[in-house]
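>>> Sequence below, structure please.
(chains A and B)
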Protein chains: 2
Amino acid sequence: MKNTELLHYLSKFPAISPEERETIAGLIPVHTFRKGSILLRAGEVCTACYFILKGCIREYMLVDDEEKTTAFFTEEQAVVVFSSYNDQVPSDRFLSCVEDSTVMVGEFSREQAMYQQFPALEAITRKIVEQDYDKTRESFAAFITSSPEERYLHLLKTRPELAQRVPQHQLASYLGITPESLSRIRKRIATKRYAP
Amino acid sequence: MKNTELLHYLSKFPAISPEERETIAGLIPVHTFRKGSILLRAGEVCTACYFILKGCIREYMLVDDEEKTTAFFTEEQAVVVFSSYNDQVPSDRFLSCVEDSTVMVGEFSREQAMYQQFPALEAITRKIVEQDYDKTRESFAAFITSSPEERYLHLLKTRPELAQRVPQHQLASYLGITPESLSRIRKRIATKRYAP
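Below is the predicted model of the structure:
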């Protein structure tokens, strides 16, 4: 089951031959973490890069003992705190599983060897990071230029499944508002939608 | 002069030999754009990726005919709207020069050939994008979790030169506030700083 998902994903890249695909799928560990598992704590060094095959991972920071959600990652997104991973220094953020999550685990210590063995992976990783980077910049741009209600509508438009998958208080924190404000916004939208 | 800057930058990467460095520097065009030059307009396709050797480039969107600044890029940052560049579709954002800017110009049409000729560039590009991606995610996280005053202080701490280099109304728009609010915040901070 796990390998099927990874093989399916790798089949999207013609640069990787079917044989290489099998070899890579055998080399990259795939783990399933239970909902609530913490993959990285602030203060720890990020030693792995995750790629979500199924599930949802939340990134958050502790600000005055309060959890502030800074990102949600879902299927086919890479999850890593690069500032910690690349220089192997402590992370300022947490990563935890919002749902049971099946992920590819890329170990920092094995990265260079993997790229040397499969040079095509380098280009694929670059493309994935570029896509994720652009999505983040788009979300950031939308966040800067929007009111809280517009932010919520943008989220419903760009990541419609997310509002159903994550707890409302985490969603509110990600939108930079209180759960009460989010609740008011949802009511206002529902009223507009059903208005004559 | 231009080539000196590019050679100096490339010398940071041991994977590129001094000979390759010279060849690459001869192949990648370096242009200087005057302050106010528009490198990309919304509706146009982003056909080049820029890398700033010297200068400052602003990204913005038009929302209800109003310019909303979504990013500032300075030395040693890559500037590209990936959502437009990678799929060669129209951009939703503008890129313009806040200062006279000297940039490397990576043409989309030549990218694959460059990577084939210099495989080491692929890893370098990936590292640059990873760093930029992480900086963006850090700024986004700080933006979500902060008040406008905290955002301004975060900017002063992480990119101290920026507040000096860009017009205040553009800075305000990037912080998601009005120029008047920014002015009040600056006064408040100045008062605190000199308070007994």
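
>>> Tell me the pLDDT of A:Arg151.
pLDDT for A:Arg151: 90.

>>> where does it fall, phi/psi-wise?
phi -60, psi -40 (degrees, to the nearest 10).

>>> Please tell me how far it sits from chain B.
A:Arg151 sits 10 Å away from chain B, going by CB to the nearest CB, to the nearest Å. Using the backbone N, CA and C atoms, a C-beta is placed for each residue, glycine as well.

>>> Which residue, other than its chain neighbours, is closest to that residue?
Spatially, and ignoring its direct neighbours in sequence, A:Arg151 is nearest to A:Leu175 (5.1 Å; CB to CB, 6 or more residues apart in numbering or on different chains).

>>> now A:Val80
In space, A:Val80 is closest to A:Cys49, 4.0 Å off (CB to CB, 6+ apart).

>>> Kindly report the same for A:Ser109.
A:Thr47 (7.4 Å).

>>> quick one: contacts for the one you found?
Under the criterion of CB atoms under 8 Å, 6 or more residues apart in numbering or on different chains, the neighbours of A:Thr47 are A:85, A:88, A:107-109.

>>> For A:Leu6, grab the count of nearby residues.
For A:Leu6, the count of nearby residues is 19 (other CB atoms under 10 Å in any protein chain shown).

>>> just the helices in chain A please.
For chain A, the helices defined by DSSP state H cover A:2-10, A:18-27, A:82-85, A:108-117, A:120-144, A:148-158, A:162-165, A:168-174, A:179-194.

>>> So the residue nearest to the spatial centre of chain A versus A:Asp132, what's the distance?
With distances taken as CA atoms, centre = their mean, A:Phe73 lies nearest the centre of chain A, 2.0 Å away. As judged by CB to CB, to the nearest Å, A:Phe73 and A:Asp132 stand 9 Å apart.

>>> re the thing from before, if the residue nearest to the centre of chain A is in a bridge, with which residues?
A:Ile57 (DSSP bridges).

>>> I'd like the distance between it and B:Phe13.
Using CB to CB, we find A:Phe73 at a distance of 30 Å from B:Phe13.

>>> same deal with A:Ala123?
In terms of CB to CB, A:Ala123 sits 18 Å off from B:Phe13.

>>> and what of A:Tyr115?
In terms of CB to CB, A:Tyr115 sits 15 Å off from B:Phe13.

>>> ditto for A:Val89
21 Å.

>>> before we move on, what about A:Arg151?
Counting by CB to CB, the gap from A:Arg151 to B:Phe13 is 39 Å.

>>> These two: which has the busier surroundings?
Remark: of A:Arg151 and B:Phe13, A:Arg151 carries more neighbours, 22 against 14, as counted by other CB under 10 Å.

>>> what sits against the residue nearest to A:Glu20 when sequence neighbours are not counted?
Nearest residue to A:Glu20, sequence neighbours excluded (CB to CB, 6+ apart): A:Phe118, at 6.2 Å. Residues near A:Phe118 by CB under 8 Å, 6+ apart: A:16, A:20, A:23-24.

>>> ok, which pair from these is furthest apart?
A:Ile16 and A:Thr23 (9.5 Å; CB to CB).

>>> Neighbour count for the two, which is higher?
Using other CB under 10 Å, the more surrounded residue of A:Ile16 and A:Thr23 is A:Ile16, with 18 against 13.

>>> my read: that one touches A:Leu10, true?
Yes - counting by CB atoms under 8 Å, A:Leu10 is a contact partner of A:Ile16 at 5.7 Å.

>>> residues near the closest residue to A:Gly43 other than its chain neighbours, how many?
Of all residues not flanking A:Gly43 in the chain, A:Pro90 sits nearest, at 5.2 Å (CB to CB, 6+ apart). By other CB under 10 Å, 13 other residues sit near A:Pro90.

>>> Quick one: residues contacting A:Pro90.
Counting by CB under 8 Å, 6+ apart, A:Pro90 has contacts A:42-45, A:84.

>>> Quickly list what it is bridged to.
Residues in a beta bridge with A:Pro90, per DSSP bridges, are A:Val45.

>>> How much space separates it from chain B?
Distance from A:Pro90 to chain B, by CB to the nearest CB: 14 Å.

>>> Also A:Glu20?
17 Å.

>>> pLDDT score for that residue?
Looking at A:Glu20, its pLDDT is 89.

>>> so it touches A:Ala120, yeah?
Yes - the criterion here is CB under 8 Å, and A:Glu20 meets it with A:Ala120 at 7.3 Å.

>>> Need the residues that contact the worst-scoring helix or strand of chain A on mean pLDDT.
In chain A, the helix or strand scored least confidently by mean pLDDT, DSSP states H and E is helix A:2-10, which has a mean of 78. In this structure, residues lying in contact with helix A:2-10 by CB under 8 Å, 6+ apart are A:16, A:21-22, A:24-25, A:28, A:30, A:32, A:53-54, A:76, A:102, A:104.

>>> what mean pLDDT does stretch A:67-74 have?
92.

>>> Give the buried residues for it.
A:68-74 (16 or more other CB atoms under 10 Å in any protein chain shown).

>>> Same question for stretch A:46-60.
In stretch A:46-60, counting by 16+ other CB under 10 Å, buried: A:46, A:48-60.

>>> Span of it from start to end?
One end of stretch A:46-60 sits 14 Å from the other (CA to CA, to the nearest Å).

>>> One more: stretch A:36-45?
20 Å.

>>> Check stretch A:9-18 too.
Start and end residues of stretch A:9-18 are separated by 12 Å (CA to CA).

>>> any idea how far that stretch is from the chain center?
Centre-to-centre, stretch A:9-18 and its host chain are 22 Å apart (CA atoms, centre = their mean, to the nearest Å).

>>> before we move on, what about stretch A:117-137?
14 Å.

>>> Residue ranges in chain A under the pLDDT threshold?
Per-residue confidence for chain A (pLDDT under 70) gives these ranges: A:1-2, A:194-196.
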